[in-house]
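Engineer: Need coordinates for the following:
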Amino acid sequence: MIELIATAESVEQGKLLIGVGVDTLYIGEDEFGLRLPGSFSCDDIEEMTSFAHQHHKRVCVAVNALMHNNRIEKIIPYVTFLQSVGVDSITVGDPGVIHLLKKHQIDLPYIYDAQTMVTSARQVNFWAQRGAIGAVLARELPYEELKSIRRQVTVPVEVLVYGATCIQQSKRPLVENYFNFTEQAVQQQPLFISEPKKDDTHYSIYEDCNGTHIFATDDVNLLPQLDKLVAAGLTQWKLDGIFTKGQSFVDIVSLFVEARQAFAEQRWTADVREQLNSRLLALHPAERSVDEGFFLKEPSDVK
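Structural biologist: A predicted model of the protein is given here:
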């Protein structure tokens, strides 16, 4: 069965996403989670979890930040709170967090999410043997590698089907440091880096309390490739709205809900695929481009 997982930028958007048919909301607080479209307070998380459960949906909370000593000391109170409000799972990339969950006997299911490092079935299974109920696969994996991993893993694995791909993170506030060095006011409009002599590139820059994050020029859109995912048994589909805001993201998520229904009713056709994809491209932010990411690349061509 296909599971749709979507980020939410606010409680209001989260409720809309549940209304259109999302199975799992992915939310969190900036101090503990990476690259979130919106930071949820504890009160927000409690409200969102209660609402989701009333509608028989799930909430997964991001606890996948890079933890320094001063931050990991705050983990136990935070995950204890998450357990108390009944969130369904968390994402974790730092083994120190997993150690603390075990040490303090906190019964909170976790999904292993170490970003670009999750590239093999053995790694996924290693963490599954240590309690992980799933894993988030690296965004740089081609389809042939995804298929191979899926055949060998013992827990479900998540694939990004729509959204931006982070290609670099620094714990330092590089943008803020640059503007301070040049004695300029920090600009608030969206910032990006272009390659020399390639004006059409736009590596988006996102900065938060976790540092500076740089994203690939093209956002991922696998809607035209969903039949391949279904054939391979890759049925945990993640949609990330960090650069697609408000109602537009909700409407794009609803297209994947329609796609899931088409597969369930065995009416997925080229016409359905093209019609849904055309609607997605019309909703996607005009200033951002899309492609399949690494999905269609030959594994030997990925360097």
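
Engineer: Helices of the stretch 101-250 of the chain, residue ranges please.
Structural biologist: Listed in chain order, the helices of the stretch 101-250 of the chain (DSSP state H, counting those that start in this stretch) span 121-128, 143-152, 174-181, 226-232, 246-264.

Engineer: So which bits of the fourth one are buried?
Structural biologist: If I follow you right, that is helix 226-232. For helix 226-232, the neighbour count (16 or more other C-beta atoms under 10 Å) marks 226, 229-230, 232 as buried. For the C-beta atoms, the positions are set from N, CA and C on the backbone; glycine is no exception.

Engineer: Same check on the longest one?
Structural biologist: Residues 249-257, 259-260, 262-263 are the ones in helix 246-264 that count as buried (16+ other C-beta under 10 Å).

Engineer: So the spatially most central residue of the chain versus residue 131, what's the distance?
Structural biologist: The residue lying closest to the centre of the chain (C-alpha atoms, centre = their mean) is residue 240, at 5.1 Å. Distance of residue 240 to residue 131, given as C-beta to C-beta, to the nearest Å: 25 Å.

Engineer: Then residue 65?
Structural biologist: Distance of residue 65 to residue 131, given as C-beta to C-beta: 20 Å.

Engineer: same thing with residue 297?
Structural biologist: Counting by C-beta to C-beta, the gap between residue 297 and residue 131 amounts to 33 Å.

Engineer: what do you get for residue 24?
Structural biologist: Applying C-beta to C-beta to residue 24 and residue 131 gives a distance of 19 Å.

Engineer: ok, these two, which is more surrounded?
Structural biologist: residue 24 (21 against 13; other C-beta atoms under 10 Å).

Engineer: Which positions are bridged to that one in the beta structure?
Structural biologist: In this structure, residue 24 bridges to residue 5, residue 58 when assessed by DSSP bridges.

Engineer: wait, doesn't it sit right on residue 90?
Structural biologist: No: applying C-beta atoms under 8 Å, one finds residue 24 not in contact with residue 90, separated by 12.0 Å.

Engineer: Do you have the strands of this structure handy? List them.
Structural biologist: Along the chain, the segments classed as strands by DSSP state E run 3-7, 24-27, 58-63, 89-92, 110-112, 134-136, 157-163, 166-170, 191-195, 198-208, 211-215, 218-221, 236-239, 289-291.

Engineer: How about residues contacting stretch 3-17?
Structural biologist: Contact with stretch 3-17 is made by 21-27, 36-38, 40, 44, 47-48, 51-52, 60, 156, 158, 163, 235-242, 245-247, 249-250, 253, 256-257, 260, as judged by C-beta atoms under 8 Å, 6 or more residues apart in numbering.

Engineer: Going through those, which ones are buried?
Structural biologist: Among these, the ones that count as buried by 16+ other C-beta under 10 Å are 21-27, 36-38, 40, 44, 47-48, 51-52, 60, 156, 158, 163, 235-242, 249-250, 253, 256-257, 260.

Engineer: Is residue 277 in contact with residue 223, as I believe?
Structural biologist: Yes: using C-beta under 8 Å, residue 277 is in contact with residue 223, at 5.0 Å.

Engineer: So which of those two has more stuff around it?
Structural biologist: More crowded of residue 277 and residue 223, by other C-beta under 10 Å: residue 223, with 23 against 17.

Engineer: Can you spell out which residues form a bridge with residue 162?
Structural biologist: When bridges are called by DSSP bridges, residue 162 pairs up with residue 221, residue 239.
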